[in-house]
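Undergrad: coords below, sequence missing:
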């Protein structure tokens, strides 16, 4: 018997890739992993979390300038992270000017680490 040709447009799967991706199945099926990913994966929220992971505290203005976003956009994303318990927000006045500072909470640091572990696993699995 001859070898049947693959239908047009179908590519052969690289050997071993599906086995590497199967290793992620349990992690990807974990509902809590998907929940964390949805909250952190968005560009501005990931930027906020990353900036606060390497800086103990940052002001609203510093984050806005670093991320190149508008006041409203930063405010909405920071509030989502704060509501989840990932950030702590402190508002005060400095020479009669309002100042908002953010810090990453222990829960936020753990969520970011879990997200980064997940991304590293996906990268390792897809690059081989």
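TA: Sure, I can see it. None of these values were measured; they are calculated from a predicted model.
Undergrad: How confident was the prediction at residue 21?
TA: Listed pLDDT for residue 21 reads 55.
Undergrad: And for residue 41?
TA: For residue 41, the model assigns a pLDDT of 87.
Undergrad: Can you give me the distance of it to residue 83?
TA: Distance, residue 41 to residue 83, using Cβ to Cβ, to the nearest Å: 17 Å. Bear in mind the C-beta positions are built from the backbone N, C-alpha and C, glycine included.
Undergrad: All the helices of this protein, residue numbers only.
TA: Taking DSSP state H, the helices of the chain run over residues 17-22, 25-29, 31-40, 43-54, 60-67, 71-83, 106-127.
Undergrad: if I read this right, residue 82 contacts residue 88, doesn't it?
TA: Yes. The criterion here is Cβ atoms under 8 Å, and residue 82 meets it with residue 88 at 7.4 Å.
Undergrad: Tell me who's in contact with residue 52.
TA: 58, 87, 102-104, 108 (Cβ atoms under 8 Å, 6 or more residues apart in numbering).
Undergrad: That one and residue 124: what is the separation?
TA: Distance of residue 52 to residue 124, given as Cβ to Cβ: 26 Å.
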